[in-house]
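Undergrad: Return atomic coordinates for the entry below.
(2 chains)
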Amino acid sequence: MYCKKECIAMLLAGGQGSRLYDLTKQTAKPAVSFGGKYKIIDFPLSNCINSGIDTVGVLTQYQPLALNEYIGNGATWDLDRSRGGLSVLPPYQGNGKSDWYKGTANAIYQNITFINQYKPEYVLILSGDHIYRMDYAKMLEKHKETGATCTIATISVPIEEASRFGICNTNDDDTIYEFEEKPKNPKNNQASMGIYIFNTKALIDYLVADEADENSSNDFGKNIIPNMLNSGEKLVAYRFDGYWKDVGTISSLWEANMDLIGDDPILNLRDCQFRVYSKNQARAPQFVGPEASMVNSMISEGCVINGTVVNSILSGGVIIEEGASVYDSVVMDDVIIRKGAAVYTSIIDSDSEILAGAVVGKDGADKSEITVIAKGSVVKPEEK
Amino acid sequence: MAISAAGIIFSNLNNNTLSRLTRERTVAAIPFACRYRLIDFCLSNLVNANISKIHVVANYNYRSLVEHIGSGKDWDLARRKDGIKVISPFQTATSSSAKLFATHMEALKSMKQYINEFKEEHVVLMDSDFVLNIDISDVIREHEKTNANITIVTKLADKDYTSKHPRMFLSSVAGKVTDIAMSAVASTQTPELALNIFVMKTSYLRTLIDEAEAYGLNSFTEMMLKKYKHSNYRTYCYSGYAASVSSFLDYYRHSIELATNDKARESLLNEKSRPIFTRVHNSAPVVYTKTAKVENSLIADDCVIEGTVINSVLSRGVHVARGAVVKNSILFQHTRVEKNAELNCIVTDKKVTITEGVKLSGNQSMPFFIQKGRRV
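TA: Model (predicted):
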């Protein structure tokens, strides 16, 4: 027996994130480390529980092993429930045809049975690619108030970047009259955040119709939303004005990490009212040795610091030996930086080792020249 | 072969010796090594040996302990089968006041019904005022191999060891206990300090409890003294780091030791196969600002360091403001050290505020303690 829920969330976590190159070779994008102790997926899942949504389907497809292990039964986010809770929804073999998830809309289509179990009035569609804290309950409130079929969360982006996003062209009352996916000449700067609330019945009707259309690419932005607009459904934009960042590229992932530090960081995770939860690794407290120097940095549990760390984010269990230095970098779990090694403007994936005297990255490089060291690499000093 | 054992942890039979720290909490709930409480070491030692049936004997002041343990989830002890159970003092309809346990044996007698139902072959008794990271499964294997009645984990005692609380000292020949004394001086041979981890067969514990009732004895030590000469009591001499927290000064020294002694820290906290588990708080990583300067210190999550921290241990959520200096000090959760304040050899309880410019100093041999919530 399933308990009826007013609103359930479907989190699209199957994306490859190919623009993160080496970082997503063995890991799905939502399982990429962020901000020391977090993974990208911690943000939407924490948002769910902080917004009172206790039933979440997580749709996985690409390299799901690390992601599945991280998610577990959802206990990290208090989503281990006997009624509702978190369910991992991989593509499956059906009685008739079996298929990988062909697109975002098709992924939801293949899980209509899961949605129907909870008989929700509303379905919240999320993606696992963004860093933001948002109270979905407020968005749902607006969705109910306006009586829309679909509400799309939007954020103002610089107009010169607008052509990278799905742009919502709205009337004065925030109703959407046009949705343009990556327009060459954007008419405004309200970008879709990839967060949708649908009335369940309409969503299912459109998903079924979309599935029947052989020419469709089964995508929310390209097909479902335009189809709804064409059929005269009411679509409303929900303007969000907090911090939101698509971390789909190396430079944006690095930038978002850097947003956590500074005297008055743009992204502040120390907010007890709206905690971001992450899986605990039972590590020792961090130890700072006699020669250590740490400036403007964020450092996690289990780190042992004997060298210099400047403007950097260190995940759990990172070891910085004497004389080693790290500048403007993101260093993920259990990396060892040996004596005298230097790291500049880099992202170093977990379990890597930078050997004594090696140099990674360029001093003073900017965000377009970030060096990425793949998981488990061993970097030797250059031979002279 | 899988180990069949249950654990019994005594949470606070020694409250009086640590009175400053136990005013509002039991010994087992005293914070230690910035993110842990004393009981975390007992629980982790048992859990790391795959022992998942654990009884914690609580006496009084155990609210913070119960809050810390919660469902036991953080130690993987929220189980359908077994898991963790807190044994609190029991008040019946006919007795007007709950009877507190003054000794281990009294507590054991009171939980006889539970012990009678233990299906596990062995039982491990532990006190929470010893801090170590030990492979209990090895102790049990050794116990089985030597066919001992009781195996007591010990470490070689320091010559000058003095303790406010009576500790048990043992002499042994080839591991077999030949003498038991309550002070190191009385013992003639190389004394070993008991770390109060006792391994025995569950059936043997039942016999001890029955005999204690029969002879009207209320002390576990007295029972051991009475029986050791004609029993096979053996010591398991542990060579890793072990701290006995029997006084406030002990507590202070051992805490600072973790920041300044690499071996102690490695042995206790960084044993890869035996992590120490604790209640999870989901706090953000530590932030060091442009003015931070830190040396030889252990720092927990959620701290913000703008000032100077040397040879110190900082619990979660401590804020050291710009220009402030913290030396040789232990700061509990959410202590705030405001601008240009200076602390040396100070232990602050939770939520203490040291206001701007205040300078306080204790001494390494007499650290100064500031009570919970005080504003200086």
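Undergrad: Residue numbers of the stretch 101-250 of chain B in contact with chain A?
TA: Residues of the stretch 101-250 of chain B lying close to chain A (CB under 8 Å from any CB of the partner chain): none. Any C-beta I mention is one placed from the backbone N, CA and C, and that applies to glycine too.
Undergrad: How about the contacts made by the one residue in the stretch 101-250 of chain B that gets nearest to chain A?
TA: Minimum separation of the stretch 101-250 of chain B from chain A (CB to the nearest CB) falls at residue B:133, amounting to 10.3 Å. Applying CB atoms under 8 Å, 6 or more residues apart in numbering or on different chains to residue B:133 gives the contacts B:41, B:44, B:45, B:240, B:241, B:267, B:268, B:269, B:271, B:274, B:276.
Undergrad: what's the following helix or strand after the lengthiest strand in chain A?
TA: Ranked by number of residues, the top strand in chain A under DSSP state E is strand A:190-199. Following strand A:190-199 in sequence order, the next helix or strand is helix A:200-212 (DSSP states H and E).
Undergrad: Up against chain B, what does chain A have?
TA: Within chain A, the positions lying close to chain B (CB under 8 Å from any CB) are A:35-37, A:75, A:261, A:263, A:269-270, A:275-278, A:280, A:282-290, A:292-301, A:309, A:313-314.
Undergrad: just to revisit the earlier point, residues in contact with the longest strand of chain A?
TA: By CB under 8 Å, 6+ apart, strand A:190-199 touches A:7, A:121-127, A:129-130, A:132, A:134, A:136, A:139-140, A:143, A:149-157, A:162, A:165-170, A:179, A:220-221, A:225, A:237, A:239-240, A:244.
Undergrad: For chain B, what's the nearest residue on the stretch 151-300 of chain A?
TA: Going by CB to the nearest CB, chain B is nearest to residue A:284 of the stretch 151-300 of chain A, at 3.7 Å.
Undergrad: For that residue, grab the count of nearby residues.
TA: 25 (other CB atoms under 10 Å in any protein chain shown).
Undergrad: ok, and the closest non-adjacent residue to it?
TA: Once flanking residues are discounted, residue A:284 sits nearest to residue B:269: 3.7 Å by CB to CB, 6 or more residues apart in numbering or on different chains.
Undergrad: which residues touch the one you found?
TA: A:284, A:285, B:33, B:133, B:258, B:276.
Undergrad: Which pLDDT value goes with it?
TA: Per-residue pLDDT puts residue B:269 at 92.
Undergrad: Would you tell me what helix or strand residue 120 is located in?
TA: I'll assume chain A. Secondary structure assignment for residue A:120, by DSSP H and E: no helix or strand.
Undergrad: could you do chain B instead?
TA: Going by DSSP H and E, residue B:120 is not part of any helix or strand.
Undergrad: Residue B:202 is in contact with that one, correct?
TA: Yes - using CB atoms under 8 Å, residue B:120 is in contact with residue B:202, at 6.0 Å.
Undergrad: anything in contact with each of those two?
TA: Taking CB under 8 Å, 6+ apart as the contact rule, residue B:120 and residue B:202 both touch residue B:6.
Undergrad: Leaving out the residues flanking it, which one is nearest to the residue lying farthest from the centre of chain B?
TA: Within chain B, residue B:290 marks the point farthest from the mean C-alpha position, 37.0 Å out by CA atoms, centre = their mean. Spatially, and ignoring its direct neighbours in sequence, residue B:290 is nearest to residue A:296 (5.0 Å; CB to CB, 6+ apart).
Undergrad: and if you look at residue A:19?
TA: Once flanking residues are discounted, residue A:19 sits nearest to residue A:249: 4.8 Å by CB to CB, 6+ apart.
Undergrad: Can you report how many residues neighbour that neighbour?
TA: Neighbours of residue A:249 under the rule other CB under 10 Å: 15.
Undergrad: Mind listing what's buried along the longest strand along chain B?
TA: Counting residues, the longest strand found in chain B (DSSP E) is strand B:192-201. Buried residues in strand B:192-201, counted by 16 or more other CB atoms under 10 Å in any protein chain shown: B:192, B:193, B:194, B:195, B:196, B:197, B:198, B:199, B:200, B:201.
Undergrad: and what of stretch A:146-156?
TA: In stretch A:146-156, counting by 16+ other CB under 10 Å, buried: A:146, A:148, A:149, A:150, A:151, A:152, A:153, A:154, A:155.
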